[in-house]
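Quick one, structure for this:
(one chain, ligands or ions: 2)
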Amino acid sequence: MKPPYPMLVDTLPEAAPRERRVYFEVFGCQMNKLDSELMLESLVARGYQLTHDSDEASVILYNTCSIREHAEERAISRLQTFRKRKESEPDLVLGLLGCVAQHKEAELFKRMPYLDMVVGTREFDQLPELIDAVRAGDEPRLATEMDSPLVFSRRRNLGPQPWHAYVSVMRGCDMVCTYCIVPTTRGKEVSRPPEVILDEIRRLAGDGVRELTLLGQTVNSYGKRLGPGIGLDTLLRGIEEINGIERVRFITSHPRFMRPKLIDAMAECSKVTDFLHLPVQSGSNAVLARMKRTYDRDFYLKVIERLRDKMPNLHLLTDFIVGFPGETEAEFEESMSLVDAADFDYGYVFMYSPRPGTVSHRLADDIAEEEKKRRLHTILHALEENGRRRNLDSIGRRVEVLVEGVSKFDASRMAGRARDFRMVVFPASPLDRPGSFVEVEVESTTAGTLLGRRIGPPGSDPVMPPTVRRAPGSGVPSEPQPPRRPAGI
Ligand code: 5AD
Ligand code: SF4
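Numbers count the residues shown, from 1 in each chain. Ligands and ions are numbered 1, 2, ... in the order given. Presented below is the predicted three-dimensional model:
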């Protein structure tokens, strides 16, 4: 796996001395990727250089994920491949960072005695000092305090795309979902003050960022403990005023905090895109109760009804877990029927993975692996079919596309994202610049992609006015359309 952040590698022409070269791999969610970006920035500020070749590096770091056992084991087994090299090269610094570090702590040194550092999710900002400390003595370092404040002052966006930035608005999770290790690995919820976030976004906009993804484990509970009147709704309204920012989305939301005033802000702010990831986890009330999700099926359906009422073009994604302890066939069928009832555009499906330290770990993991797989494929297929059908509604419509680059599958085409984050592919022109906007009329669709032709001359960068973005059923139909269910863009 290649580490990300090509910009960081490319912007450093001077080769750093070998002891300052760092190899970095990251597993897991966007939060981990952003944490990695912040860590790399602080290392680069001290003269380190990122290399894509681990043989070239004298510091090797893995930022890890614990959400499922498989993710945890993959990261550990990658690190284990450096055991031999560490024996012959004792100066090599090997570090395991992030959620697995927080979850397993000192146990990791028993499993990998050659490891130099285990750094948890709230002590990343200490990384340069920890590397120095390891080098100064030969003590392995454990840094897994949970109440350290974690202060990062971000100076610039490290990419990988210069026009897009992730911005962390809150960390941690106060929920108690019985299957989930995140509250253990990431700790209690802490929101950043709005002025600090808005300042950071103004700086990013000044550097050419046009699109933002706000990050938080339960991003829509943002503002807790910051005082009355501060929430994701007020933050979105603040971002609306920042020149240069054209699109905002946020991941990941919890149904419980999808409150009317937030839905109103989403609908009223022209920069907030028609995209929402709202994990439901199960369609069965009994399973939702065993998961301690704090809502039932009816509540979830009411939330999305309100959302679609205010945002008819919303592209709605979800997560399901299949094979939760005791999930009967009838309970699984309730998840299947929710795909239809909620009319999802897409969803991610996970087989239940018992995590030591969680409440559900004490329950028998009693659904056979083969049965979990069958349920996963069955529900994934239903989600894909639903998304494919909903995509058909976009044919003939015009969409605003933020160009990402040449299509991976066909060099004669460009690819970019519509406002609702669907991939759009259209014929390339030498004038197309990544990071610019084009308008495309959709001619055909696949399960995950819209294909179309450009409207207007290449290079004209038309940012559609808010009225066009928000028109019911928009993009704008190019010809009179038969009545459709509200869907697509
Ligand atoms: N097993 C399987 N899936 C899980 N998720 C979280 N914990 C587990 C687990 N123990 C899934 C949830 C969550 C997504 C990020 O990962 O669906 O929304
Ligand atoms: Fe995990 Fe639930 Fe918190 Fe999401 S809301 S991070 S699933 S505990």
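
May I see the buried residues of stretch 293-313?
Residues of stretch 293-313 classed as buried under the neighbour-count rule (16 or more other C-beta atoms under 10 Å) are 293, 295-297, 300-301, 303-304, 306-308, 311-313. To be clear about C-beta, it is placed using only N, CA and C from the backbone, and glycine gets the same treatment.

Among these, which are located in helices?
Among those, the members found in helices (DSSP state H) are 297, 300-301, 303-304, 306-308.

export the buried residues of stretch 293-313 to CSV and tack on pLDDT and distance to Val403?
Output for those, formatted as CSV (pLDDT from 0 to 100; distance: C-beta to C-beta, whole Å):
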residue, pLDDT, distance to Val403
Arg293, 98, 38
Tyr295, 98, 38
Asp296, 98, 42
Arg297, 98, 40
Tyr300, 98, 35
Leu301, 98, 36
Val303, 98, 33
Ile304, 98, 31
Arg306, 98, 33
Leu307, 98, 28
Arg308, 98, 29
Met311, 97, 24
Pro312, 95, 26
Asn313, 94, 21
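
If we check ligand 2, which of these are in contact?
The subset of the buried residues of stretch 293-313 within reach of ligand 2, by C-beta under 6 Å from any ligand atom, is empty.

Pick out whichever of the residues you listed sits closest to His103.
Arg293 (21.9 Å; C-beta to C-beta).

So that closest one sits against Gln281, correct?
Yes - in terms of C-beta atoms under 8 Å, Arg293 counts as a neighbour of Gln281; the distance is 5.9 Å.

who touches both of the two?
Cys177 (C-beta atoms under 8 Å, 6 or more residues apart in numbering).

in the lengthiest helix in the chain, what counts as buried?
Of all the segments of type helix in the chain, defined by DSSP H, the longest one is helix 369-392. For helix 369-392, burial by neighbour count (16+ other C-beta under 10 Å) applies to 371-372, 375-376, 378-380, 382-383, 386-387, 390-391.

got it, and stretch 193-210?
Buried-residue list, stretch 193-210, by 16+ other C-beta under 10 Å: 194, 197-198, 200-202, 204-205, 209-210.

circling back to that earlier point, does anything pack onto the longest helix of the chain? Which helices or strands?
For helix 369-392, the packing partners by 3 or more C-beta pairs under 8 Å, 6 or more residues apart in numbering; DSSP states H and E come out as strand 315-322, helix 329-342, strand 346-351, strand 437-445.

Where does the prediction get shaky in the protein?
Residue ranges of the chain with pLDDT under 70: 1-14, 138, 152, 457-489.

Wait, Arg398 touches Glu439, no?
Yes - the pair Arg398 and Glu439 qualifies as a contact (C-beta under 8 Å) at a distance of 5.7 Å.

neighbouring contacts of stretch 224-240?
169-170, 174, 189-191, 193-194, 197-198, 201, 212, 214, 219-223, 245, 248, 250, 259, 261-262, 264-266, 269-272.

check contacts around the residue nearest to Leu61 when sequence neighbours are not counted.
Closest residue to Leu61 apart from its sequence neighbours, by C-beta to C-beta, 6 or more residues apart in numbering: Gly95 at 4.6 Å. Contacts for Gly95 (C-beta under 8 Å, 6+ apart) come out as 59-62, 115-119, 127, 130-131.

Quick check: buried residues in the helix or strand harbouring Gly95?
Element membership for Gly95 (DSSP states H and E) is strand 93-98. Using 16+ other C-beta under 10 Å as the test for burial, strand 93-98 gives 93-98.

before we move on, what about stretch 122-130?
122-127, 130.

Repeat that for stretch 79-95.
In stretch 79-95, residues buried by neighbour count (16+ other C-beta under 10 Å) are 79, 82, 86, 92-95.

Nearest to ligand 1 among those residues?
Leu79 (22.0 Å; C-beta to the nearest ligand atom).

in a helix, that's where that closest one is, yeah?
Yes - under DSSP: H, G, I helix; E, B strand; the rest coil, Leu79 falls within a helix.

shift numbering so it begins at 19
Sure, I'll start numbering at 19, so the last one becomes Leu97.

With adjacent residues omitted, what lies nearest to it?
Tyr80 (5.4 Å).

Now do the helix or strand hosting that neighbour against strand 111-116, angle only.
For Tyr80, the enclosing helix or strand under DSSP H and E is strand 77-82. Put simply, strand 77-82 runs at 20 degrees to strand 111-116, going by axes from the mean of the first three to the mean of the last three C-alpha atoms, to 10 degrees.

What strands line up against strand 77-82, and which way round?
Strand pairing for strand 77-82, using DSSP bridges, gives strand 39-44 (parallel), strand 111-116 (parallel).

how about that strand: buried residues?
Result for strand 77-82 [16+ other C-beta under 10 Å]: buried residues 77-82.

re earlier: filter the buried residues of helix 387-410 down to the ones near ligand 2?
Near ligand 2, by the rule C-beta under 6 Å from any ligand atom, you find none of the buried residues of helix 387-410.

Closest to Glu87 out of those residues?
Nearest to Glu87, judged by C-beta to C-beta, of the buried residues of helix 387-410 is Lys390 at 12.9 Å.

what separates that closest one from His88, distance-wise?
According to C-beta to C-beta, to the nearest Å, Lys390 stands 12 Å off from His88.

Residue numbers of the stretch 169-318 of the chain in contact with ligand 2?
So the stretch 169-318 of the chain meets ligand 2 at 191, 193, 195, 198, 200-201, 235-236, 272 (C-beta under 6 Å from any ligand atom).
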